[in-house]
Structures are given as C-alpha cells and as structure tokens.
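Q: No sequence on hand, only this structure:
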Ligand code: AMP
C-alpha cells in the first residue's frame, strides 16, 4: 500500500470488477446507439454559473454539493455535478440545433462530482450514462427515452426496479399551483431551512424525506389537480405510449426531483435492493433550460442512469453478467529460443482477434501454468525447443485437461475456429 488512499467518498475500479462497470456502461448505451443518439463528450468542469443558472441556485446540488475552484486566471469553475446543463451548453455552442434535424439526440458517459455525505450507494465521484433529446416537444420522445432506459435495465437482467412517473406542469399551470402550495406550506410548523425553501422552490418541500414533514403534508394541494389541459393531454399520451410498449409505471404525484429545470414529464427508476439510496436513474423534460442558459426556446427531455448504483442493483439481485474472459489463450514458452517464436505467435493471435496473454518474466512451467489458470484463459499454448523443432506447439484445454499438438502454421486458424 502507498501512503495515499482514494479520497473520501470515492473508490477505484480495479480488475476483475471493473469489467462489470464497463459492461453496464455498454449495456445502457446500446439501446441509445440503435435509436439515433450520437455520442457527445464535454469537459469535466464548466463555469459555475452554468450550473447555478441551469440546475438552480436553490437546489442542494448547487448550494451545498458543488466542487468549485477559482483558476489562476480568475475563472470560477465547478466540477460537473450532472450532465444535462453541459450537454445542452455544448449542443448550443456547436449549433447542433440549427442543423435542421430536430430533435438533436445525444448520449454521454462519464464522471460526476458532488460533495455529499458518503454512504453505501452515495459517493462524491460517481459515474452516469445519460441521454438528451433536444429541441422537440413530443410525448413520443419522452416515452422513447423511458423505454430505452427500461430496455437497458432489462438487458442486464434487472427485475426489481420500478418506474415512478409524474408531470410537473409547465409555465401555464405551474405558477398558480406554486402559489396554492405556498399558501398551504406557510401554515405548517417547519424549520427555518424548509421555510426558506417554501419561498424559493416550494415543490421540493413535497420531496422532503423526513417523516415529521411528510405527516404535515397530508392534504397538500397536488399538481395533478392543477395541470392545464395541454399538460394533462401530454401526460396521458406519455402514459399510453408506455403502456403500449409494455412498460409498467407507478404514478407518483410527489416526485419532483432535485433539479429545478424540470417541466412536465419527470420520472425516476428505483430499485428494491438498495436501501435508502434507491434511485438508480432519473430524468424528465426541461423545456425552459435552454432559455435559462441564454439559448433559444428548445423543449427537451433526457435522463441519466447511475452506473455505480446499477452495479449495486445487479449484486442485490444476484445477477452475474456473462462477461467474456479477458484472456482466451495464455502462452507459455519453455526456453530462450521458444520465447521468440511464442511471443511472435502471441502477436499474431492478438492481431487475428484472439485475446491472448504471455508468461512474462521467464516463469518456469509450474508457475506459468498457475498464471494461466488464474488468468481465466481457456487454453494454454505451451512450446519448448523440441516442439518447435517438430514445427508444433502444445495446446492444452484448461477445462478438460486435454492436450494436443498443433502445427505452428495452423495455430491461429485452429484457435479462431474454437472461438466459433
Ligand atoms: P440525479 O442527477 O440526481 O437525478 O442522478 C441520476 C442518477 O445518478 C441517480 O439515480 C443515481 O443513480 C446516480 N447518482 C446521483 N448522485 C449520486 C451519488 N452521489 N453517488 C452515486 N450515484 C449517484
């Protein structure tokens, strides 16, 4: 061990478990890639103001959890706490919305940073795969994104997750509701912080996890009863499209989520095996965000799924992903002359697409065979001077123990054939 440790609230991904994370990222991205979403990558940090304006000054993410820094040049930057604001900023900067093909559909994968109190499933550095569909207001687009997330979870074999669905209304109906809710909340017995929240973002009080607060919220006006006709019709269509696609959901009228930019459709995926940090992913429509960060009106919808918690969910359900072994063939030379020939074969096999590793460091046969077994390889390719003089190598099937001599010039063909 070195003198240093991973910073508090972070952890390293190391083999073999790191392969699971990669597979999860790929599984989430796969449905997006076949649905017209293009890959986007943005910097790990942005101007602080992008998040304070976009995500919202009153949110925990901005007010308490951002890692901010002042550069030597005097710029105020923040490590990105979420993806949507950056992706929209980048799309606007590249004028993707002017290319004439709306919606602009993008997906991304990366690290995010929040100064949170670390606990199981909650880290200061975590990983998300996200998707955004920018510039179109169409309930089918909201449904598409939700279906793609469900398909990703299903492709991983997850079963114990639920989709919570709500509509937050729009600029027509939300202001009147906000006022009605504020009126109700001001009459309750709440702490200083929460009272302040009533004035800045009363909807988030509904999301308060404390039981004492929840008790008082019984009878609070619900947005569902205040939605305008357009929002109601929009939401009904999203629900109908999900149902038609065989996607079950739970209507959750208290789901407001921790970011200010959401309008209309909001949703969250929760998993039954994760304890208090049960949200594995979430998203919604953010029709006003583009204007909030200085862009044109671009109604949009997106989600982000947490990779760390998806891996925890797999563990909770006892799901072992069927990952291809990192190494298929482990090559063991016996003697100096054989080293050169076998190393050459290793390169040939790799170039042909066979995952191959080599007994580096001049290990003796016994040690090398131990390494071969530890590597998870299916075959050991062993060759000494005598084999090579006869123009063969020995191929040992590490599952059956069976060993056969294979002509040097047939090794690649033979191993490719065994690969199927
Ligand atoms: P949010 O942007 O808060 O909606 O987060 C989307 C998803 O990212 C969540 O559902 C989690 O799966 C994941 N996530 C958010 N914050 C954290 C965190 N601190 N640690 C691990 N995963 C997180």
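A: Nice, I can see it. The shown structure was predicted, so the numbers you read here are calculated from the model rather than taken from an experiment.
Q: quick one: buried residues of the lowest-mean-pLDDT helix or strand in the chain?
A: Of the helices and strands making up the chain, the lowest-confidence element is helix 60-63, at a mean of 86, by mean pLDDT, DSSP states H and E. The neighbour-count criterion (16 or more other Cβ atoms under 10 Å) identifies 60, 61, 62 as the buried residues of helix 60-63. Bear in mind the C-beta positions are built from the backbone N, C-alpha and C, glycine included.
Q: Quick one: residues contacting the residue of the chain found nearest the ligand.
A: Of all residues in the chain, residue 306 sits closest to the ligand, with a separation of 2.1 Å (Cβ to the nearest ligand atom). For residue 306, the contacting residues are 126, 127, 128, 279, 280, 281, taking Cβ atoms under 8 Å, 6 or more residues apart in numbering as the criterion.
Q: does residue 202 really touch residue 182, like I thought?
A: Yes - taking Cβ atoms under 8 Å as the definition, residue 202 is a contact partner of residue 182 at 4.9 Å.
Q: Which one's more surrounded, those two?
A: The residue with more neighbours, out of residue 202 and residue 182 and counting by other Cβ atoms under 10 Å, is residue 202; that gives 22 against 16.
Q: what sits against that one?
A: If a contact means Cβ under 8 Å, 6+ apart, then residue 202 has 178, 181, 182, 185 as its contacts.
Q: Kindly state the pLDDT recorded for it?
A: At residue 202, the predicted lDDT confidence score is 89.
Q: Output the set of residues of the protein in proximity to the ligand.
A: Proximity of the chain to the ligand is confined to 82, 114, 116, 122-123, 126, 128, 258, 279-282, 304, 306, 308-309 under the rule Cβ under 6 Å from any ligand atom.
Q: how about a cut-off of 8 Å?
A: Taking Cβ under 8 Å from any ligand atom as the contact definition, the chain meets the ligand at 9, 61, 81-83, 112, 114, 116, 121-124, 126-128, 257-259, 268-269, 277, 279-283, 303-310.
Q: what ranges of the stretch 201-350 of the chain fall below the confidence cut-off?
A: Residues of the stretch 201-350 of the chain meeting the criterion pLDDT under 70: 258-260.
Q: thinking again about what came up before, roughly how far does the residue of the chain closest to the ligand sit from residue 8?
A: According to Cβ to Cβ, to the nearest Å, residue 306 and residue 8 sit 19 Å apart.
Q: Just to check, residue 224 is in contact with residue 253?
A: Yes - with contact defined as Cβ under 8 Å, residue 224 counts as touching residue 253 (4.9 Å).
Q: in the stretch 251-400 of the chain, which spans are helices?
A: 289-292, 307-316, 336-352, 365-374, 385-389 (DSSP state H, counting those that start in this stretch).
Q: Residue 144 should be in a helix, yeah?
A: Yes - when the secondary structure is assigned by DSSP: H, G, I helix; E, B strand; the rest coil, residue 144 falls within a helix.
Q: Now for the contacts of residue 306: which two are most distant?
A: Set against one another by Cβ to Cβ, the contacts of residue 306 have their most distant pair in 127 and 279, with a gap of 14.6 Å.
Q: Residue 25 is in contact with residue 310, isn't it?
A: No - proximity of residue 25 to residue 310 does not meet the contact threshold set by Cβ under 8 Å, at 9.1 Å.
Q: Same drill for those two, tell me which one is more crowded.
A: More neighbours sit around residue 310 than around the other of residue 25 and residue 310, counting by other Cβ under 10 Å; the figures are 29 against 19.
Q: And stretch 155-168, end to end?
A: 30 Å (Cα to Cα, to the nearest Å).
Q: Report the buried residues of that stretch.
A: With the criterion 16+ other Cβ under 10 Å, stretch 155-168 contains buried residues 156, 158, 161, 163, 164, 165, 166, 167, 168.
Q: next one: stretch 47-59
A: Applying a neighbour-count criterion of 16+ other Cβ under 10 Å, the buried positions in stretch 47-59 are 48, 50, 51, 52, 53, 54, 55, 56, 59.
Q: mind listing what the third one touches?
A: Same thing as residue 51. Taking Cβ under 8 Å, 6+ apart as the criterion, residue 51 is in contact with 61, 62, 66, 78, 80, 81, 82, 85.
Q: now, among these, which is nearest to residue 296?
A: Minimum separation from residue 296 among the contacts of residue 51 (Cβ to Cβ) is found for residue 85, which lies at 15.9 Å.
Q: Can you give me the pLDDT of the closest residue to the closest one other than its chain neighbours?
A: Across the structure, with Cβ to Cβ, 6 or more residues apart in numbering as the measure, the residue nearest residue 85 apart from its sequence neighbours is residue 54 (3.6 Å). With respect to pLDDT, residue 54 has a value of 85.
Q: Spell out the secondary structure type for residue 54.
A: Taking three-state DSSP, the label given to residue 54 is helix.
Q: give the contact list for residue 339.
A: 333, 362.
Q: hmm, who's touching stretch 399-407?
A: Among residues not part of stretch 399-407, those counted as contacts by Cβ under 8 Å, 6+ apart are 378, 387, 390, 391, 392, 393, 394, 395, 396, 397, 414.
Q: Tell me the buried residues in it?
A: Buried residues in stretch 399-407, counted by 16+ other Cβ under 10 Å: residue 406.
Q: Straight-line length of it, end to end?
A: The first and final residues of stretch 399-407 sit 21 Å from each other (Cα to Cα).
Q: how far does it sit from the chain's center?
A: How far stretch 399-407 lies from its chain's middle: 42 Å, per Cα atoms, centre = their mean, to the nearest Å.
Q: any idea of the mean pLDDT for that stretch?
A: When pLDDT is averaged over stretch 399-407, the result is 96.
Q: Narrow the contacts of residue 306 to those in strands?
A: When the contacts of residue 306 are checked against strands using DSSP state E, the ones located there are 126, 127, 128, 279, 280, 281.
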